[in-house]
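1. I'll drop the sequence and a predicted model, then ask my questions.
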Amino acid sequence: MLQVSYIRDNREQVLERLAVKNFKQPDLVDEIIQLDERRRLTQTQMDSVSAQANAAARQIGELMRAGKKEEAESLKANTGTWKGEIQTLSEQLAAIEDELQQKLVLLPNLPHSSVPKGLTPEDNEVVLENGIKPALPENALPHWELAAKYNLIDFELGVKITGAGFPVYKNKGAKLQRALINYFIDEGEKAGYSEVSVPLMVNEASGFGTSQLPDKEGQMYFVGIDNLYLIPTAEVPITNMYRDVILKAADLPVKNCGHTPCFRREAGSYGAHVRGLNRLHQFDKVEIVQVTHPDKSYETLEQMSQHVRGLLQKLGLPYRVLRLCGGDMGFGSALTYDMETWSAAQKRWLEVSSVSNFESFQSNRLKLRFRNEEGKTQLAHTLNGSALALPRIVATLLENNQTENGIKIPEVLVPYTRFEWIN
RNA sequence: GGAGAGGUGUCUGAGUGGUCGAAAGAGCACGCCUGGAAAGUGUGUAUACUUCAAAAGGGUAUCGAGGGUUCGAAUCCCUCCCUCUCCGCCA
């Protein structure tokens, strides 16, 4: 959520930046500024009437104590009017604030100046490409066929138990999952992220804090009986650990990592591109999260991106890094890098990580602040990234590392899998 | 799930209708003291909104959340949330 004071002081710039994100309702900006003016006016009026009423109440108290009952009674006569006024004004204020809030949450974050204009994934900017795309023989198999051939993943069984998009991992497939999770967590800890294990369901306030709500309501599974949402990413519970928190400047940066399953409804996605592990309703992911000083967040974004690239490199996967264009970016992000691996049998890039700087967009909702050099509270910046999401890594590993003798496990994973081949 | 107790500032904790944004202590910050430290001592120490050109200052709101009673609510009433204890159930 953008800060109203910022919008007020930087109207032109806000409009210009929103245009980069192809924001469809620029009129909202002026509506917000006007509502804010009305809000302040109403608040000032209400405050001054309250001040009068408070003063009178104090005086009545003093008179009562002094035993001057009649004078006190005569003062009471005025209070009814004030009470009425306060009532009216506070109702007005509440209505204005409500409307303001409703409009404010519709504004996405402003993109960073380096974000390219554009509408679709085709407009994303390729920042770099690394690694060698393996040349597979003509009869190379896509991962869903490899998963069946080596008895690693049973998609049909998942359909029986739950439904499409909830695979059952078996044998070395299940072990590979565990190995990847542990490997990613260990690498995170090496990079200074302290591990947390967090709830998989969150309340509405948490969903709002990281801006899944109200924007992406339909993308989350909702448990109505208890009003809880299944997390679409560990970003939500981990970042919300710092909701309503004022950190010391010395506490920054805060670095956490954690593994969770992620649940996504993925309403409306079907077809060849969602086959196998390409798109699931439940998948495992290790997430890295940082809370930083506003001056450091872009530096941090680069570090986080490096961390993710390092993982892909160590796994020996060819990858590329994209700087997302305005149209493809998430609602709350100011700058996002997507990391994609080359899936050699499908002959396409698969997104395996997304690293974003939210600047103060989330922290404004979270009321996540720190005490700055001047001793004043200031919104911190939040960042997060996948490091990494498992299914597409598994898909790429299986496809790219297939040989006549089976699937070769990357060296760095062998201490975790305790087998070198799937065959 | 049943019964009871309770939720006050960074923490402990006082406060049952007015002088309470809130005693006291601890902690923390800065100063004095000291060769340095401890002890001692002094001062300060919530957040948000708003007013003001800015600073200083002022106003309003907030004692789990929301509503109500009252001229006036941390204090009384209602609803909800949470914590603790006992019982029940249970991985």
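-> That came through, no problem. Residues are numbered from 1 along each chain as shown, chains lettered A, B, ... in the order given.

2. Show me the strands in the stretch 1-150 of chain A, by range?
-> For the stretch 1-150 of chain A, the strands defined by DSSP state E, counting those that start in this stretch cover A:125-130.

3. Near RNA strand B, which residues of it are found?
-> A:5, A:36, A:39-40, A:43-44, A:46-48, A:50-51, A:53-58, A:60-61, A:64-65, A:76, A:79-80, A:83 (CB under 7 Å from any atom of the strand). Quick note: C-beta positions are derived from backbone N, CA and C, even for glycine.

4. Give me the distance from the longest helix seen in chain A to the chain's centre.
-> Longest among the helix segments of chain A by residue count, using DSSP state H, is helix A:27-65. Distance, stretch centre to chain centre, for helix A:27-65: 37 Å (CA atoms, centre = their mean, to the nearest Å).

5. Give me the buried positions along it.
-> Judged by neighbour count (16 or more other CB atoms under 10 Å), helix A:27-65 contains these buried residues: A:28-29, A:32, A:35-36, A:38-39, A:42-43, A:45-46, A:49, A:52-53, A:56, A:60, A:63.

6. need the helices for chain A, in chain order.
-> A:4-9, A:11-20, A:27-65, A:69-104, A:143-149, A:155-161, A:171-190, A:204-209, A:235-240, A:297-314, A:361-366, A:390-400, A:414-417.

7. As CSV, those helices with mean pLDDT would be great.
-> As requested, the helices of chain A are arranged in CSV below (pLDDT from 0 to 100):
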stretch, mean pLDDT
helix A:4-9, 92
helix A:11-20, 94
helix A:27-65, 90
helix A:69-104, 86
helix A:143-149, 94
helix A:155-161, 93
helix A:171-190, 97
helix A:204-209, 90
helix A:235-240, 94
helix A:297-314, 97
helix A:361-366, 93
helix A:390-400, 95
helix A:414-417, 97
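
8. Could I get those helices in a markdown table, plus columns for distance to A:Val115?
-> Formatted as a markdown table, these follow (distance: least, CB to CB, whole Å):
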| stretch | distance to A:Val115 |
| --- | --- |
| helix A:4-9 | 18 |
| helix A:11-20 | 6 |
| helix A:27-65 | 19 |
| helix A:69-104 | 21 |
| helix A:143-149 | 33 |
| helix A:155-161 | 37 |
| helix A:171-190 | 27 |
| helix A:204-209 | 24 |
| helix A:235-240 | 20 |
| helix A:297-314 | 12 |
| helix A:361-366 | 14 |
| helix A:390-400 | 24 |
| helix A:414-417 | 37 |
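
9. ok, now how distant is the closest residue to RNA strand B within the stretch 151-300 of chain A from A:Lys170?
-> Going by CB to the nearest atom of the strand, RNA strand B is nearest to A:Ile246 of the stretch 151-300 of chain A, at 6.1 Å. Separation of A:Ile246 from A:Lys170 (CB to CB, to the nearest Å) stands at 48 Å.

10. Also A:Leu383?
-> Per CB to CB, A:Leu383 is found 36 Å from A:Lys170.

11. try A:Val14
-> The spacing between A:Val14 and A:Lys170, counted by CB to CB, is 52 Å.

12. go on, A:Met46?
-> Taking CB to CB, one finds A:Met46 at 65 Å from A:Lys170.

13. which strands and helices sit next to the longest helix of chain A?
-> helix A:4-9, helix A:11-20, helix A:69-104 (3 or more CB pairs under 8 Å, 6 or more residues apart in numbering; DSSP states H and E).

14. Make a markdown table out of these and add mean neighbour count.
-> Below are the helices and strands packed on helix A:27-65 laid out as a markdown table (neighbours: other CB atoms under 10 Å):
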| stretch | mean neighbour count |
| --- | --- |
| helix A:4-9 | 14 |
| helix A:11-20 | 16 |
| helix A:69-104 | 14 |
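
15. For A:Ala395, find the nearest of these.
-> Distances from A:Ala395 to each of these were compared by CB to CB, and the smallest falls on helix A:11-20, at 32.8 Å.

16. Which strands or helices does the closest one pack on?
-> Using 3+ CB pairs under 8 Å, 6+ apart, the elements in contact with helix A:11-20 are helix A:27-65.

17. and the angle for the helix it packs on with helix A:69-104?
-> Interaxial angle of helix A:27-65 relative to helix A:69-104 (axes from the mean of the first three to the mean of the last three CA atoms, to 10 degrees): 160 degrees.

18. What angle do helix A:11-20 and helix A:27-65 make with each other?
-> Between helix A:27-65 and helix A:11-20, the angle comes out at 130 degrees (the same axes, to 10 degrees).

19. List the residues that contact A:Arg264.
-> When contacts are counted by CB atoms under 8 Å, 6 or more residues apart in numbering, A:Arg264 touches A:219-220, A:232, A:280-282.

20. what's the domain layout of chain A?
-> The record's domain parsing of chain A by automatic domain parsing lists A:4-104, A:121-422.

21. distance between the ends of the first one?
-> Just to be clear, that refers to domain A:4-104. Domain A:4-104 has an end-to-end distance of 8 Å (CA to CA, to the nearest Å).

22. What's the end-to-end length of stretch A:303-322?
-> End-to-end distance for stretch A:303-322: 15 Å, by CA to CA.

23. Distance from it to the middle of the chain?
-> On CA atoms, centre = their mean, the centre of stretch A:303-322 falls 20 Å from that of its chain.

24. Now it: buried residues?
-> If you call a residue buried by 16+ other CB under 10 Å, then stretch A:303-322 has these buried ones: A:303-305, A:307-309, A:311-312, A:315-322.

25. right, and out of the residues you listed, which lies closest to A:Ala135?
-> Each of the buried residues of stretch A:303-322 was checked against A:Ala135 using CB to CB; the closest is A:Pro318, at 11.5 Å.

26. List the residues that contact A:Asp284.
-> A:Asp284 neighbours (CB under 8 Å, 6+ apart): A:177, A:180-181, A:259-262, A:389-391.

27. sorry, that was for A:Leu110
-> Residues in contact with A:Leu110 (CB under 8 Å, 6+ apart) are A:2, A:13-14, A:17-18, A:21, A:334.

28. Out of those residues, which comes closest to RNA strand B?
-> Looking at the contacts of A:Leu110 and their distance to RNA strand B, the nearest is A:Leu2, at 12.7 Å (CB to the nearest atom of the strand).

29. Fine, thanks again, bye for now.
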